[in-house]
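Peer 1: Okay, sequence plus prediction incoming.
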Amino acid sequence: PLRCCRLSLGADMQRREFITLLGGAAVAWPFSARAQQLSHVPQIGILSPLSPSERASPPFEAFRKALGDFGYVEGKNINFIYRWAEGNQKRLNEFAAELVRLKVDIIFSAPGTPTAIAAQKATSTIPIVFAGVGDAVGTGLVVSLAHPGRNATGLVNQSQDIAGKQLEWLKEAIPALSRVGVLWRPSNPSYRNLLSRFDDVVRATGVQVVLIGAESREELLTAFETMKKNQVDGLLVQADDLFVNEGTRIIELAATYRLPAIYRLGYQAEAGGLMAYGPNIPDMYRRAAYYVDKILKGAKPGDLPVEQPTKVELVINLKTAKVLGLKVSPAVLARADEVIEIE
């Protein structure tokens with residue numbers, strides 16, 4: 001009997017130890033799963049039509065710095081996966097699909113409407129934050145600016161409103177202008193009904209607008225030759241990613257053909273363009289970081305309203321004006337946000 005009792009007591013102890021171990025495992029497994037979730041480092045896929053050199057540009061620097069201000073440290077609690085299409089639409093589509101395969105947490109699409117469209121064609125589930133989109137509603141990226149409703153949100157650049165104002169500034173700065181060429185990329189869906197954006201200025205001033213299309217770097221020289229043959233005496237450069245990528249080339253061609261030109265990006269005037277009028281692009285990318293932070297913390301992109309730029313800047317380069325033999329109207333200079341003076 002004593003032997004039986006000892007065996008029974010040992011069995012009871014073994015059962016209790018087993019139950020305790022099992023219970024501990026039940027607690028440990030969820031804890032381990034939570035630890036793995038907490039250790040996940042968000043992957044931000046950066047999809048851009050520009051070249052790798054733009055990684056160090058003011059807009060992308062502003063984006064990363066803003067995320068740093070939110071507490072994200074690259075390599076520690078956030079990682080960036082860059083894909084630069086260098087103006088190639090096919091590569092843009094391929095890179096968008098690649099980022100989806102890599103299962104990034106968010107795609108930051110910048111700049112341009114075609115870039116955001118490529119991202120959304122590749123995924124309807126991964127959140128997309130875009131910057132520098134022209135017509136987000138008209139191209140179907142979002143249902144409305146106030147209620148995007150899908151997997152994309154971000155910042156638009158008011159291209160439809162700004163285009164007419166650009167022409168107005170150029171005409172006001174150089175009153176003798178009579179025929180202005182508009183360098184555009186016909187395949188960009190943001191430019192539907194482009195001529196209608198200049199109607200008010202055309203009616204008010206009588207200036208003639210001529211659309212000059214270019215789809216690649218190779219076509220830029222032909223575009224300027226066309227402007228010369230059409231006796232164009234001023235140029236408005238649209239904010240297509242091709243023209244951002246080829247900004248230096250376009251500024252050089254404008255100087256060679258002695259065409260006063262107005263651009264969309266302030267740093268294009270600083271780089272030698274005559275004028276620039278448009279939103280502050282680094283500020284736009286800085287705000288994009290806010291969207292990334294919100295989404296990483298659980299917000300749905302479809303619930304985050306699309307923002308329009310609150311600040312639009314006019315930059316004038318008097319060095320370029322001097323080279324072109326132009327005298328910019330003092331009234332326009334007085335209203336410029338930045339004037340690059342002659343040294």
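Peer 2: Everything's here; your move.

Peer 1: Which parts of the stretch 1-150 of the chain are helices?
Peer 2: 2-38, 58-69, 89-101, 113-122 (DSSP state H, counting those that start in this stretch).

Peer 1: weakest of the ones you listed in terms of mean pLDDT?
Peer 2: Mean pLDDT is lowest for helix 2-38 out of the helices of the stretch 1-150 of the chain, coming in at a mean of 46.

Peer 1: quick one: buried residues of stretch 100-110?
Peer 2: Judged by neighbour count (16 or more other CB atoms under 10 Å), stretch 100-110 contains these buried residues: 100, 104-110. To be clear about C-beta, it is placed using only N, CA and C from the backbone, and glycine gets the same treatment.

Peer 1: And for stretch 109-125?
Peer 2: For stretch 109-125, using 16+ other CB under 10 Å, the buried residues are 109-120, 122-123.

Peer 1: CA-only coordinates of it in CSV, if you can.
Peer 2: The C-alpha atoms that make up stretch 109-125 are tabulated as CSV, following Å, rounded to 0.1, in the frame of the first residue of the first chain:
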residue,chain,number,x,y,z
SER,A,109,4.9,57.7,-54.5
ALA,A,110,6.6,60.9,-55.7
PRO,A,111,6.4,62.9,-57.7
GLY,A,112,3.7,62.9,-60.3
THR,A,113,0.4,61.4,-61.3
PRO,A,114,1.7,58.6,-63.4
THR,A,115,3.8,57.4,-60.5
ALA,A,116,0.8,57.2,-58.1
ILE,A,117,-1.2,55.5,-60.8
ALA,A,118,1.5,52.9,-61.3
ALA,A,119,1.5,52.2,-57.6
GLN,A,120,-2.3,51.9,-57.4
LYS,A,121,-2.4,49.6,-60.4
ALA,A,122,0.1,47.3,-58.6
THR,A,123,-1.9,47.1,-55.3
SER,A,124,-5.3,47.9,-53.9
THR,A,125,-4.4,46.9,-50.4
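
Peer 1: Who are the contact partners of A85?
Peer 2: 47-50, 91-92, 95, 115 (CB atoms under 8 Å, 6 or more residues apart in numbering).

Peer 1: close enough to count as contact, K294 and D303?
Peer 2: No - counting by CB atoms under 8 Å, D303 is not a contact partner of K294; they are 9.4 Å apart.

Peer 1: which one of these two has more residues nearby?
Peer 2: K294 (18 against 12; other CB atoms under 10 Å).

Peer 1: Is it correct that the more buried one falls within a helix?
Peer 2: Yes - counting by DSSP: H, G, I helix; E, B strand; the rest coil, K294 is part of a helix.

Peer 1: how much space is there between it and P301?
Peer 2: 9 Å (CB to CB, to the nearest Å).

Peer 1: who's in contact with V143?
Peer 2: Neighbours of V143 in contact, by CB under 8 Å, 6+ apart: 137, 149-150.

Peer 1: Who wins on neighbours among those residues?
Peer 2: R150 leads these on contacts (other CB under 10 Å) with 17 neighbours.

Peer 1: Next up, phi/psi of the closest residue to it other than its chain neighbours, please.
Peer 2: Nearest residue to R150 in three dimensions, chain neighbours excluded: G302, at 5.5 Å (CB to CB, 6 or more residues apart in numbering). Per-residue torsions, G302: phi -60, psi -20 (degrees, to the nearest 10).

Peer 1: List the contacts of G302.
Peer 2: Applying CB under 8 Å, 6+ apart, the residues contacting G302 are 147-151, 153.

Peer 1: And it, what's its pLDDT?
Peer 2: The model's pLDDT for G302 equals 96.

Peer 1: quick one: contacts for R91?
Peer 2: A85.
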